[in-house]
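Visitor: this one's sequence-less:
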């Protein structure tokens, strides 16, 4: 079983609509959780950290459900510039906090 | 941008050759992690260097090796290249063995023919 599972999509979203997706992780002892954004042929960039209490950054809301081991991301009022791949990331144990990535959710915002 | 640089940006090699990729970490960062991202996949952890020592390794064969210099820049070496080594190689710079946010460089795109 992969450490982080994501449905790659693509998710075709009309401009202005809301899109939500989630990922599951296999290691119940994982400590830190993130969403990274990756544009085509570019490096991943940190979008937001994810906390158990949930957190919001503008149009983006992230939630963590430790009991069910899933993380979600919701994007409201989608913009064309939101088109990207959103990578679910979990830090593993072992002292080096290596990042374990999912395959990513590809989002295409359509005018 | 992140201040993390990588060279070269693109590289074409043939099967069996060797390659060295370079990464300069963000100023003040003492940790560099390397990841391999195949097409359509998420990045996979190769290994991490913290204060010039290897600090963890992913599921990659020994022909993937690396080192970190006193200025905390790092190299990734791959021997006996295989076609499946074709990927985007990313380095990430951070503090304190990766416990802080990791910032990615632009990557090196390697094609093995």
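Guide: Nice, I can see it. Computed from a prediction, not measured in an experiment: that's the story for all the values here. Numbers count the residues shown, from 1 in each chain, chains lettered A, B, ... in the order given.

Visitor: burial measure for residue 64, as a count.
Guide: Picking chain A for this. 20 (other C-beta atoms under 10 Å in any protein chain shown). Placement of C-beta: from N, CA and C, glycine included.

Visitor: Please refer instead to chain B.
Guide: Neighbour count for residue B:64, taken as other C-beta under 10 Å: 18.

Visitor: Report the beta-bridge partners for it.
Guide: When bridges are called by DSSP bridges, residue B:64 pairs up with residue B:78.

Visitor: ok, it touching residue B:54?
Guide: No - the criterion here is C-beta atoms under 8 Å, and residue B:64 misses it with residue B:54 at 11.2 Å.

Visitor: For these two, list the residues in contact with both.
Guide: Common neighbours of residue B:64 and residue B:54 (criterion: C-beta atoms under 8 Å, 6 or more residues apart in numbering or on different chains): residue B:47.

Visitor: so what's residue A:2 closest to, chain neighbours aside?
Guide: Excluding the flanking residues, the one nearest residue A:2 by C-beta to C-beta, 6 or more residues apart in numbering or on different chains is residue A:26, at 7.1 Å.

Visitor: Close to chain B: what parts of chain A are there?
Guide: A:4, A:6, A:8, A:41-46, A:87, A:91-92, A:94-104 (C-beta under 8 Å from any C-beta of the partner chain).

Visitor: Kindly write the PyMOL command that selects the buried subset of those residues.
Guide: In PyMOL syntax, the buried subset of these is picked out as below (16 or more other C-beta atoms under 10 Å in any protein chain shown):
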select buried, chain A and resi 4+6+43+44+46+87+91+92+96+97+98+99+100+101+102+103+104
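
Visitor: Please list the residues of chain B that sit near chain A.
Guide: Counting by C-beta under 8 Å from any C-beta, the residues of chain B near chain A are B:2, B:33, B:35, B:40-45, B:48, B:50, B:55-56, B:58, B:90, B:92, B:97-99, B:101-107, B:109.

Visitor: Please spell out which residues along stretch A:79-87 are buried.
Guide: For stretch A:79-87, by 16+ other C-beta under 10 Å, it's A:82, A:83, A:84, A:85, A:86, A:87.

Visitor: just so I have it, where are all the helices in chain A?
Guide: With DSSP state H as the criterion, chain A has no helices.

Visitor: what ranges do the strands span in it?
Guide: Assigned by DSSP state E, the strands in chain A fall at A:4-6, A:11-14, A:19-25, A:33-38, A:44-50, A:55-57, A:60-65, A:70-75, A:84-91, A:99-101, A:105-110.

Visitor: could the ones you listed be laid out in TSV, adding mean pLDDT?
Guide: Formatted as TSV, the strands of chain A follow (pLDDT from 0 to 100):
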stretch	mean pLDDT
strand A:4-6	94
strand A:11-14	94
strand A:19-25	93
strand A:33-38	95
strand A:44-50	93
strand A:55-57	93
strand A:60-65	96
strand A:70-75	96
strand A:84-91	94
strand A:99-101	91
strand A:105-110	95
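
Visitor: now for the ones you listed, which one comes closest to residue B:16?
Guide: Nearest to residue B:16, of all those, is strand A:99-101, at 29.2 Å by C-beta to C-beta.

Visitor: element containing the residue nearest the centre of chain B?
Guide: Residue closest to the average C-alpha location in chain B (C-alpha atoms, centre = their mean): residue B:34, at 3.3 Å. According to DSSP states H and E, residue B:34 maps onto strand B:31-37.
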